[in-house]
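Engineer: Here's a sequence, model it:
(chains A and B)
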Protein chains: 2
Amino acid sequence: MSKIAHKIIVLSGKGGVGKSTVTANLGIALARRGHAGRVGILDADITGPSIPKMLGVRGQKLDVGLPGVFPVIGPLNTRIVSMDFLLPSDETPVIWRGPLKSMAIRQFLAEVVWGDLDFLLVDLPPGTGDEALTVMQSIPNIGGVVIVTIPSEVSQVVVKKAVTFTRQLGAPVLGIVENMSGFVCPKCGAETSIFKTGGGQKIAEELGVRFLGRIPLDPRICEDSDDGTPFILRHRDSPAATAFIEIVEKISGLVVSAPTKKP
Amino acid sequence: MSKIAHKIIVLSGKGGVGKSTVTANLGIALARRGHAGRVGILDADITGPSIPKMLGVRGQKLDVGLPGVFPVIGPLNTRIVSMDFLLPSDETPVIWRGPLKSMAIRQFLAEVVWGDLDFLLVDLPPGTGDEALTVMQSIPNIGGVVIVTIPSEVSQVVVKKAVTFTRQLGAPVLGIVENMSGFVCPKCGAETSIFKTGGGQKIAEELGVRFLGRIPLDPRICEDSDDGTPFILRHRDSPAATAFIEIVEKISGLVVSAPTKKP
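Structural biologist: I've put the predicted structure just below:
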C-alpha cells in the first residue's frame, strides 16, 4: 500500500448508477494520461463483481507467486483485482455474510503485489455496509472519495447518506459525478432527460461538495462494457468520453495537489 | 407471518436495475387488482431504502403499539415498512455491518403487525449478502422470487448468480423481469436500446426459468418515483404500465396456483 501514491475510492449509496463503468473508464483515462502501467483497480464488489467483464479480462485468474498474489493485467497495463478471478464459473454466487466479505477485501489489500502505482481506484459495492466500512478503515491515507449518482431525486437521498458516511469516516470527498445525465436521440437529436438532469449538481451545492461533472447516457457505453472494451478508448471523441476525461483531470488535479500526510 | 398468504421476494444481483421501482409498482398493481389493503411491502434495503420516497410516504414514522410495530399506510392502503421510517434525517447514513442489518430485518419480519395480507413483497438490496440471506432464511414458505435485470450483458452475469443463489436456498424462481428495455424518443418515436434489449429473455431461456416480461424505459417512471406517485396509477395507459400489469398477472397467477406447503 505504501508504494501507491494516490488511493481513490469510488462510492455510491445507490446501486446501478454506473459506478463500475465510471471506475473502469476513469482508470483507463488515467492510464492514457501518462500513467500507463501505474494504475490499479480493486473491484471491492464481492458479490457482484463487474469490472473484469467491462475491461475484457473475464475468465482470467490471479497469479499466486512468492511475494503474494499478482493482479490481472488489463488494457493499458492496468492492474486489476476482483473476486471474479477467483470464481470457478459464471453462475457461482458468492453467498457470504459481512465478516467473510471484509476478510476477502483485507486480503486483496494486504496480499496483492500491486507494485509502484500512481493511482489505485477502489470500486465499492452500493451502500454503506461491510465492504465500504472495511475499505475505508483498512486503507491508510485515502486520497479522496468520488461519489457517483444519477440525476433522479430518489438517488439524491442516498447520495446525502454517502457524503455523510465519507465525512464520518474522515476521508476527503473529492466530489460528485452525475452519470446517465440526459439522452440525445441518435435519430433526431432531441434530448430527453430519462433520469432527469442537474440533480447531481444541485445536491453538490446543497452539501457543499465539488461537482465533478456530468456524463450523458450513451448506448455505446453499455455496448462497450459488454464487449469488454473501454468506452473511453473506442469512442474517445464522443461527448461522454470528453466528459470522462474532464472529470479525470479534475480528480487527478485534486489528489495530486493535496498535501500528502504520512500515516 | 402466518397471516400472509403469498410472500414474494424481489431480487437482483446488480444494483440500480430498478428493483425498488418494480417492487413499488408491482405492489400497487396488485392492490388495484382487488387486493387493496391486503398488500404489504417490506423495504429490506437497510442502507439505501428508497421505497418510501417512491410511494410518497417519506418522513412518516412507524407506530409502535401494544401488539408490535404498525406499518406506514401507503397508496391504496398498502402497508409499508422501511428503515427510512426510523431515521432522524435525510442525511443519516446507516453504517451497519452485516449482523446488525440482519437483526433489523428479523425484527421487521417478527415484530411488525402486518395483519391479514394476500401479498407481501420484499425488496432486497442488490447482491447476495447478509440482507438477502437473512430474508431468504427467515421467511417461511416463500411463494417465489422475482429477479429483476436490465438487458445489458454485464447485468446478465450477475443474474445468473442470483438464480443460483435462489435455487441453492430452496426457493422457487418465479421468473425474470427485464427492466429499462429500450427507449422510444418522445419527439420522433425512434427506438434506441440504451441498455440493449432481449438480454433478460436470453438469460431466462439459458437458465431454464420463466421470462415474465420487459418494461421499457420511460422518463415518467423516474419523475413519478421522485414525486412519490406510483407510475402505474398516474400513467396507467402507457406501454410501461401495461407491461407492469401483465407481469403482475403472471406473478399472481403463478403464486396463487402453486400448491401451498405448510411449514
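
Engineer: ok, which residues in the stretch 1-150 of chain A are in contact with chain B?
Structural biologist: Residues of the stretch 1-150 of chain A lying close to chain B (C-beta under 8 Å from any C-beta of the partner chain) are A:13-18, A:20, A:45-48, A:50, A:53-54, A:58, A:90-99, A:101-102, A:125-130, A:133, A:150. For every residue, glycine as well, the C-beta is placed using N, CA and C.

Engineer: neighbours around the residue in the stretch 51-200 of chain A positioned nearest to chain B, how many?
Structural biologist: With C-beta to the nearest C-beta, the shortest gap between the stretch 51-200 of chain A and chain B falls at residue A:98, namely 2.7 Å. Neighbour count for residue A:98, taken as other C-beta atoms under 10 Å in any protein chain shown: 22.

Engineer: separation between it and residue B:164?
Structural biologist: According to C-beta to C-beta, to the nearest Å, residue A:98 stands 20 Å off from residue B:164.

Engineer: Show the contacting residues for the residue nearest to residue A:179 when sequence neighbours are not counted.
Structural biologist: Spatial nearest neighbour of residue A:179, excluding adjacent residues (C-beta to C-beta, 6 or more residues apart in numbering or on different chains): residue A:18 at 4.2 Å. Neighbouring residues of residue A:18 by C-beta atoms under 8 Å, 6 or more residues apart in numbering or on different chains: A:148, A:150, A:179-180, A:215, A:221, B:16.

Engineer: for residue A:24, same thing?
Structural biologist: Here residue A:24 is in contact with A:41, A:51, A:54-55, A:123, A:225, A:230 (criterion: C-beta under 8 Å, 6+ apart).

Engineer: which one of these has the most neighbours?
Structural biologist: Neighbour max across these (other C-beta under 10 Å) = residue A:41, 31 neighbours.

Engineer: pretty sure that residue contacts residue A:74?
Structural biologist: Yes: contact criterion C-beta atoms under 8 Å: residue A:41 and residue A:74 qualify, at 7.4 Å.

Engineer: and for these two, which residues touch both?
Structural biologist: When contacts are counted by C-beta under 8 Å, 6+ apart, residue A:41 and residue A:74 are jointly contacted by A:55, A:80.

Engineer: What is the lowest-mean-pLDDT helix or strand in chain A packed up against?
Structural biologist: Within chain A, no helix or strand scores below strand A:63-64, which has a mean of 86 by mean pLDDT, DSSP states H and E. Using 3 or more C-beta pairs under 8 Å, 6 or more residues apart in numbering or on different chains; DSSP states H and E as the contact criterion, the elements in contact with strand A:63-64 are strand A:69-70.

Engineer: how about residue A:213, what does it touch?
Structural biologist: With contact taken as C-beta under 8 Å, 6+ apart, residue A:213 is in contact with A:177-178, A:243, A:246-247, A:250.

Engineer: Let's see that with 7 Å instead.
Structural biologist: Counting by C-beta atoms under 7 Å, 6 or more residues apart in numbering or on different chains, residue A:213 makes contact with A:177, A:243, A:246-247, A:250.

Engineer: Just the buried residues out of the residues you listed, in ChimeraX syntax.
Structural biologist: To isolate the buried members of these in ChimeraX, using 16 or more other C-beta atoms under 10 Å in any protein chain shown:
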select /A:177,243,247,250
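
Engineer: Restricted to helices, list the contacts of residue A:213.
Structural biologist: Among the contacts of residue A:213, the ones falling in helices (DSSP state H) are A:243, A:246-247, A:250.

Engineer: Using CSV, lay out those residues together with distance to residue A:24.
Structural biologist: Conversion of the ones in helices among the contacts of residue A:213 to CSV gives the following (distance: C-beta to C-beta, whole Å):
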residue, distance to residue A:24
A:243, 15
A:246, 17
A:247, 13
A:250, 18
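
Engineer: Just the closest of those residues to chain B, please.
Structural biologist: Checking the ones in helices among the contacts of residue A:213 against chain B by C-beta to the nearest C-beta gives residue A:243 as the nearest, at 16.4 Å.

Engineer: and the closest residue to that closest one other than its chain neighbours, what does it touch?
Structural biologist: In space, and not counting its chain neighbours, residue A:243 is closest to residue A:215: 4.5 Å by C-beta to C-beta, 6+ apart. Counting by C-beta under 7 Å, 6+ apart, residue A:215 makes contact with A:177, A:179, A:181, A:240, A:243-244.

Engineer: before we move on, what about residue A:38?
Structural biologist: Applying C-beta under 7 Å, 6+ apart to residue A:38 gives the contacts A:116-118.

Engineer: just residue A:90 next, same as before
Structural biologist: Residues near residue A:90 by C-beta under 7 Å, 6+ apart: B:157, B:160.

Engineer: State the phi and psi torsions of it.
Structural biologist: When read as degrees, to the nearest 10, the backbone of residue A:90 gives phi -50, psi -40.

Engineer: so how far is the least confident helix or strand of chain A off the chain centroid?
Structural biologist: Chain-centre distance of strand A:63-64: 24 Å, with C-alpha atoms, centre = their mean, to the nearest Å.
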